[in-house]
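K.L.:
pasting the structure only:
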């Protein structure tokens, strides 16, 4: 049996007084790709930020384990060092810090105690990622997300995953706001990350990225709960019918 | 990610060590009056005109009130009667490092001065309290006719050049502190660059206050003859004492036709130094003056490097950063005076306040009547690290000419939770992430520094962040 990389049990998350995640159970095996779908406002982004340890999101109940270790209360940097990565829907800008410098620092944080990459190897790794994602090499000298277009930001998130090689990639709406060519390039970039050592949790509103990136499991989230799970066919069904029938089912139940 | 209120963490101020002062060769009594001024001038064997100038300046100092717009709560703490205005640790000025007295040498060794000189400087002066204790200039620059010495030596050896330019840019009556400096000045740098000479490596002065309750009043005069270039760097530190010391310098720059002067300051005073400095440049036709000004330490800094553009096509740039933590007020800015047509200026000011620290931007852009084609761009960005900290902006524009282009932009931003979370999610600790964000904010300044200084500044900011993030 495959190793359970991430396990979420009966998770409740609030922002202020408002409960947004209302009892989520979800588990992700190493080597698998999961899609988490759902309408706007269903709590998908909240779940991803809570998983990474955003201080604004309070976990009121439940448990999250990563590689068998409870991570609730752990600061985000320690989660990153354990092997978690979040590709942000709205990544923040860090003016004055170049992409290359940012990535070097992130990599150094990861290699604490061990020898980090030589400058030559680091450059080779960056060049590879840039070629794969068809980015302009000049991006390495630009300040992180400062004045980036939506598409550039999304590519930079994937480039970071490529350089940092996490064990779990949570990608929050990495496909939103992209034209069809950019979507294909980014999807291929994510596909290239797929492997037996890694799991990917892809959060998306639309089915279209799943044309390029076939998930093993699809979860549907509505109003802070997982309401349906299935194989890739579930995504197609949602694409054809929309979320309405599911929501109606839920209301009637 | 709660941020603990910052305390004054002395261990983080790496320059806080001190030397004994009971071995000093001369110490004037505390306080200021005509007798002290006379004594200073006599000890220096100055010409009569300088002696008269000092006495006149003292009268102006005594009659002038503190500037009413200033941070008087802080300024009122200065007890002018409780300060040593002149102190001499040693009677010799070393020309070689071996000639410098051992304890002073050890201090500058710890500050990395001789090492920096070997590596990348064309000349160094090191001032310890009132007097310059070490001075050197590279032989090839000397051969080109470049003069670089302390101000007292210049007055003895090049009296004509000094007398022609001294106090022509900043008269004693300019403000209370320039009057004080004019009365009791000692040390400082004198640089004269002959016509057309490019000094391709920086010249540096290092100012160290060692004694407690000391007033350091150096006087710097830089003259760049037509078509010449020079880059001058000053660094400042002081030991950790409980009572305040005062640093009140006057710096005058004269860039003649087509000349270019760059003046870089990294001041890292201990947190109870009053740093009240008047810096002004005169830029003649097509001349270019740049002030690159970094203010990290001190209790209160008041400093507004200025450029008076008096010839057509002159240019003035000020790029400054200020960092204020608990109990500190960085009141900095710039004055750009356009007194000729087609002159242009850029002011870029960036400040960070943390742990209740306070930064103020105070600036003036003035365009005289008939000065067409003037361009000026002012940009101030303030970064607040927490809700206790404060930043104020007082920009003033006096535009008396029509055909001009003036731009002003000011922003105040906060280190946001989102930004911090983003950086931390990549594996950096809160301290590392905050350091990265602040360094990034200062990046436009840092990239203008010689590499050695850039590295040092980044390290300083890292130390400040470590001392204050919990």
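P.N.:
Perfect, thanks for sending it. From a predicted model like this one, the values you see are computed outputs, not experimental measurements. Numbers count the residues shown, from 1 in each chain, chains lettered A, B, ... in the order given.

K.L.:
was I right to think residue B:37 contacts residue B:52?
P.N.:
No - here residue B:37 does not reach residue B:52: they are 10.6 Å apart, not a contact under C-beta atoms under 8 Å. (Glycine included, C-beta is placed from N, CA and C.)

K.L.:
who has more neighbours, those two?
P.N.:
residue B:37 (21 against 12; other C-beta atoms under 10 Å in any protein chain shown).

K.L.:
quick one: buried residues of the helix or strand containing the more buried one?
P.N.:
Secondary structure assignment for residue B:37, by DSSP states H and E: helix B:34-43. By 16 or more other C-beta atoms under 10 Å in any protein chain shown, the buried positions in helix B:34-43 come out as B:36-37, B:39-41.

K.L.:
okay, and the most centrally placed residue in chain B sits in which element?
P.N.:
When C-alpha atoms, centre = their mean is applied to chain B, the residue found nearest the centroid is residue B:265 (5.2 Å). Per DSSP H and E: residue B:265 is located in strand B:260-267.

K.L.:
can you tell me what sits against that strand?
P.N.:
Residues outside strand B:260-267 that contact it (C-beta atoms under 8 Å, 6 or more residues apart in numbering or on different chains): B:202, B:222, B:224, B:228-236, B:251, B:253, B:255, B:275, B:279, B:281, B:287-298, B:301, B:305, B:448-450, B:453, B:456-457.

K.L.:
those residues in strands, which ones?
P.N.:
Among the contacts of strand B:260-267, DSSP state E puts B:222, B:224, B:229-236, B:251, B:253, B:255, B:275, B:279, B:281, B:288-295, B:301 in strands.

K.L.:
near chain A, from those?
P.N.:
Among those, no residue is within reach of chain A (C-beta under 8 Å from any C-beta of the partner chain).

K.L.:
are any of the residues you listed buried, and if so which?
P.N.:
By neighbour count, with 16+ other C-beta under 10 Å, those hold B:222, B:224, B:229-236, B:251, B:253, B:255, B:275, B:279, B:281, B:288-295, B:301 as buried.

K.L.:
that older thread, tell me the angle the strand holding residue B:265 makes with strand B:250-255.
P.N.:
The directions of strand B:260-267 and strand B:250-255 differ by 160 degrees, with axes from the mean of the first three to the mean of the last three C-alpha atoms, to 10 degrees as the criterion.

K.L.:
give the partner strands of strand B:260-267 in its sheet and their orientations.
P.N.:
Sheet pairing of strand B:260-267 (DSSP bridges) gives strand B:229-237 (parallel), strand B:288-295 (parallel).

K.L.:
continuing past the longest one, what's the next helix or strand?
P.N.:
What that stands for is strand B:229-237. strand B:245-247.

K.L.:
strand partners of that next one, parallel vs antiparallel please.
P.N.:
strand B:215-216 (parallel), strand B:273-283 (parallel).

K.L.:
where does residue B:321 land in three-state SS?
P.N.:
Under the three-state scheme (DSSP: H, G, I helix; E, B strand; the rest coil), residue B:321 adopts strand.

K.L.:
what's the burial count for it?
P.N.:
The tally of other residues near residue B:321 (other C-beta under 10 Å) stands at 26.

K.L.:
was I right to think it contacts residue B:351?
P.N.:
Yes - using C-beta under 8 Å, residue B:321 makes contact with residue B:351 at a distance of 6.8 Å.

K.L.:
which residues of the stretch 1-150 of chain A score low on pLDDT?
P.N.:
Residues of the stretch 1-150 of chain A that meet the criterion pLDDT under 70 lie in A:1, A:113-116.

K.L.:
kindly recompute the last result at 80.
P.N.:
A:1-2, A:111-117 (pLDDT under 80).

K.L.:
A strand includes residue B:15, no?
P.N.:
No - secondary structure of residue B:15 (three-state DSSP): coil, not part of a strand.

K.L.:
quick check: residues of the stretch 251-400 of chain B near chain A?
P.N.:
By C-beta under 8 Å from any C-beta, no part of the stretch 251-400 of chain B sits against chain A.

K.L.:
give me the neighbour count for residue B:157.
P.N.:
Residue B:157: 12 neighbours (other C-beta under 10 Å).

K.L.:
for whichever residue of chain A sits closest to chain B, list the residues it contacts.
P.N.:
As assessed by C-beta to the nearest C-beta, chain B sits closest to residue A:96 within chain A, at 2.9 Å. Counting by C-beta under 8 Å, 6+ apart, residue A:96 makes contact with A:143, B:439-444.

K.L.:
can you tell me the SS state at the residue in the stretch 201-350 of chain B that chain A sits nearest to?
P.N.:
Closest approach between the stretch 201-350 of chain B and chain A, counting by C-beta to the nearest C-beta: residue B:350, at 9.6 Å. Assigned with three-state DSSP, residue B:350 falls in the strand class.

K.L.:
gap between it and residue B:279?
P.N.:
Applying C-beta to C-beta, to the nearest Å, the value for residue B:350 to residue B:279 is 18 Å.

K.L.:
contacts for the strand or helix carrying residue B:124?
P.N.:
With elements taken from DSSP H and E, the one containing residue B:124 is strand B:123-128. The contact list for strand B:123-128 (C-beta under 8 Å, 6+ apart) reads B:89-90, B:100, B:104, B:107-108, B:113, B:116-117, B:132-138, B:141, B:148-150, B:187-189, B:203-208, B:210, B:216, B:218.

K.L.:
how many residues are close by the closest residue to residue B:402 other than its chain neighbours?
P.N.:
Nearest residue to residue B:402, sequence neighbours excluded (C-beta to C-beta, 6 or more residues apart in numbering or on different chains): residue B:372, at 7.7 Å. Residue B:372: 11 surrounding residues under other C-beta under 10 Å.

K.L.:
might one say that residue B:372 is in contact with residue B:405?
P.N.:
No - the pair residue B:372 / residue B:405 is not scored as a contact, 10.6 Å apart, by C-beta under 8 Å.
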